[in-house]
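> Next comes the sequence, and after it the predicted model I'd like to discuss.
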Amino acid sequence: MTAPLDAVLARLDSGREAALDRLIALLKIPSISTDPAYAAECVRAADWLVADLRSMGFAAESRPTAGHPIVVAHDDSAPAGAPHVLFYGHYDVQPVDPLELWESPPFEPRLAEGPKGRRIYARGSSDDKGQVMTFLEACRSWKAQGGLPVRVTIVVEGEEESGGEHLPGFLREHAEELRADVALVCDTDMWNAETPSIGLSLRGLVGEELRIRAAARDLHSGMYGGAARNPATALAKIIAGLHDDKGRVTLAGFYDGVPEPSAEIRASREALGFDESAFLGEVGLTTPAGEQGRSVLESIWSRPTCEINGISGGYAGAGFKTVLPAEAMAKISFRLVGDQDPAKIRAAFRAHVQAALPPDCKAEFVEHGGSPGVSLPLESRWVSAAREALGAEWGKPAALVGSGGSIPVVGLLRKTIGVDTLLIGFALNDDSIHAPNEKYELRSFEKGARSWARVLARLAEPAA
């Protein structure tokens with residue numbers, strides 16, 4: 001028999017200081033995955049998590065990879081027939097540079113008062129150690145009160161901040177062991193400090209580097225200007241042709257597989273009260289760009305894009321140099337939604353470039369990854385259960401949001417294990433993740449643990 005939810009929540013409340021001590025201990029480990037000098041610290045962080053999970057009764061191991069280890073833990077003590085959930089997080093953190101901008105050492109956690117109570121400053125406090133520990137604390141309380149209401153598998157990797165190179169192979173190799181009914185990821189934000197959120201969609205990504213070459217060397221514009229082909233001009237024309245005057249991408253078949261939001265999704269977005277002017281004003285802008293007739297939220301959550309991420313060619317140093325460059329380069333990314341096929345988008349882009357190339361110019365392409373968009377049906381039983389649980393904890397319905405970015409593990413989990421993912425996080429947009437003075441509100445930490453306790457209880461209930 002599993003314990004009543006009220007007893008689990010009461011135990012979380014009475015154990016807050018002990019939970020904070022555990023979080024501080026994990027935050028003290030400088031598990032920077034991108035720097036080989038910290039490889040031993042990544043191992044130490046994995047070992048700490050294994051010990052903590054074993055202390056609460058999980059069968060936990062640190063599994064070696066060619067890079068940093070992956071922590072895997074199982075608890076199968078739930079009642080027969082209970083759903084099986086797979087939780088994913090990461091213990092590695094970003095580098096701390098520039099160190100001089102930190103108000104306290106990044107691996108010496110500091111508590112301070114904020115507008116909503118205490119907060120903790122440390123690298124990894126929000127991304128993602130604090131978030132991981134919200135789930136572990138919920139599990140700890142359930143275990144201490146008699147057992148978890150669902151079967152739980154936990155995967156915590158150590159390379160998320162450095163590209164996750166070894167996770168895909170690990171998931172493929174251990175697909176049967178890790179197979180579950182639904183995956184849970186706690187690496188995202190709340191809608192605001194008072195409103196939890198559930199991520200229903202993530203945009204995919206195609207990255208391309210384009211180089212256009214013409215003459216065998218840079219040329220003097222006085223001697224060759226007007227006679228020789230300028231690859232920078234050719235590049236500029238090709239880039240300009242990627243959008244029409246209404247902001248739509250011009251690649252052939254680009255919008256194939258792009259769905260329109262349902263009436264329910266549109267209504268839920270309107271209810272959020274999103275302030276487009278404030279959103280753009282924070283970064284010094286005034287007017288929405290992109291496709292005409294689309295709201296800002298629709299543009300970043302459910303529409304595909306083509307963006308120029310970098311351009312170079314010719315002389316860009318101090319002063320002036322009259323040169324026709326021999327080559328020009330652009331880095332271009334496409335955000336994908338719905339059923340857009342990354343391979344088809346890449347092929348359409350390259351065909352567009354080749355068709356627009358003038359004489360004497362040649363194009364070279366470098367591929368920089370590709371992944372499809374991911375979405376979770378609004379009618380999913382898991383979405384309904386999680387939304388009810390979060391609403392009970394926070395006193396208002398969870399916002400149903402999309403993400404303009406990409407979280408590669410979500411697509412990986414669907415591709416390798418065949419499982420959909422609930423994106424539920426308790427970070428705030430002012431947590432300064434990846435920046436100096438990263439912080440996590442203790443209110444997020446404490447209510448995040450209570451939220452997961454409620455979510456696990458609700459997931460255990462039969463579908464309506």
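Alright, I've got the coordinates.

> from here on, contacts and neighbour counts on C-alpha atoms
Fine.

> Thought residue 63 was touching residue 155, still the case?
No - counting by CA atoms under 8 Å, residue 155 stays clear of residue 63, with 10.2 Å between them.

> Those two - which one has more neighbours?
Neighbours around residue 155 and residue 63, counted as other CA atoms under 10 Å, are more numerous at residue 155. The numbers are 18 against 13.

> hey, what's in contact with both of residue 155 and residue 63?
Counting by CA atoms under 8 Å, 6 or more residues apart in numbering, the contacts common to residue 155 and residue 63 are 70-72.

> Quick one: the helices in the stretch 301-450 of the chain, in order.
In the stretch 301-450 of the chain, the segments counted as helices under DSSP state H, counting those that start in this stretch are 342-356, 381-394, 408-417, 442-459.

> And the stretch 101-250 of the chain, by the same measure?
Secondary structure of the stretch 101-250 of the chain (DSSP H, counting those that start in this stretch): helices located at 129-144, 167-173, 175-178, 221-224, 231-240.

> Among the ones you listed, pick out the one with the most neighbours on average.
Among those, helix 129-144 has the highest mean neighbour count (mean count of other CA atoms under 10 Å), at a mean of 25.

> avg pLDDT for that helix?
When pLDDT is averaged along helix 129-144, the result is 98.

> same question, stretch 66-77
Mean per-residue pLDDT for stretch 66-77: 97.

> Contacts for it, please.
With contact meaning CA under 8 Å, 6+ apart, stretch 66-77 is reached by 33, 39, 42-43, 46, 49-50, 53, 57-64, 147-148, 150-159, 165-166.

> if we can go back for a sec, the helices of the stretch 101-250 of the chain into a markdown table, with extra columns for distance to residue 196?
Output for these, formatted as a markdown table (distance: least, CA to CA, whole Å):
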| stretch | distance to residue 196 |
| --- | --- |
| helix 129-144 | 14 |
| helix 167-173 | 28 |
| helix 175-178 | 27 |
| helix 221-224 | 59 |
| helix 231-240 | 40 |
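
> so which of the shared contacts of residue 155 and residue 63 comes closest to residue 109?
Nearest to residue 109 among those is residue 71, at 23.4 Å by CA to CA.

> how about the nearest residue to that closest one once chain neighbours are set aside, what does it touch?
With CA to CA, 6 or more residues apart in numbering as the criterion, residue 71 has its nearest non-adjacent residue at 4.5 Å, and that residue is residue 62. Each residue near residue 62 by CA under 8 Å, 6+ apart is listed here: 46-47, 50, 69-72.

> Low-confidence stretches in the stretch 351-464 of the chain?
Across the stretch 351-464 of the chain, the ranges flagged by pLDDT under 70 are 464.

> Kindly recompute the last result at 80.
Flagging of the stretch 351-464 of the chain using pLDDT under 80 yields the residue ranges 406, 463-464.

> hang on, the earlier thing: report the distance from the helix or strand containing the residue nearest to residue 71 to the chain centre.
Secondary structure assigned from DSSP states H and E places residue 62 in strand 59-63. Centroid separation between strand 59-63 and its chain, computed with CA atoms, centre = their mean, to the nearest Å, is 25 Å.

> Quick check on the contacts of stretch 66-77: which are buried?
33, 39, 42-43, 46, 49-50, 53, 57-58, 60-62, 147-148, 150-159, 166 (16 or more other CA atoms under 10 Å).

> Which of the helices of the stretch 301-450 of the chain has the highest mean neighbour count?
Comparing those by mean count of other CA under 10 Å gives helix 442-459 as most buried, with a mean of 24.

> quick check: angle from that one to helix 129-144?
Computed by axes from the mean of the first three to the mean of the last three CA atoms, to 10 degrees, the angle separating helix 442-459 from helix 129-144 equals 50 degrees.

> contacting residues around helix 442-459?
5, 8-9, 12-13, 16, 83, 116-120, 130-131, 133-139, 142, 148-150, 382, 385-386, 388-390, 393, 425-427.

> Recalculate using a threshold of 7 Å.
The list of residues contacting helix 442-459 from outside it, by CA atoms under 7 Å, 6 or more residues apart in numbering, reads 9, 12, 118-120, 130, 134-135, 137-138, 149-150, 382, 385-386, 389-390, 393, 426-427.

> ok, now stretch 295-310?
Contact with stretch 295-310 is made by 249, 276, 288, 330-337, 402-404, as judged by CA under 7 Å, 6+ apart.

> Of those residues - the most surrounded one?
Counting neighbours by other CA under 10 Å, residue 336 leads the contacts of stretch 295-310 with 32 neighbours.

> who does that one bridge with?
Residue 336 has these beta-bridge partners by DSSP bridges: residue 204.

> Am I right that it is in contact with residue 204?
Yes - shown here, residue 336 and residue 204 form a contact pair, counting by CA atoms under 7 Å, at 4.5 Å.

> Give the intersection of the neighbour lists for the two.
Common neighbours of residue 336 and residue 204 are listed as 372-373 (criterion: CA under 7 Å, 6+ apart).

> Can you tell me which of the helices of the stretch 101-250 of the chain is nearest to residue 373?
The nearest among those, by CA to CA, is helix 167-173 at 17.0 Å.

> quick one: average confidence on that closest one?
Averaging pLDDT along helix 167-173 gives 96.

> what's that helix packed up against?
Counting by 3 or more CA pairs under 7 Å, 6 or more residues apart in numbering; DSSP states H and E, the packing neighbours recorded for helix 167-173 are helix 408-417.
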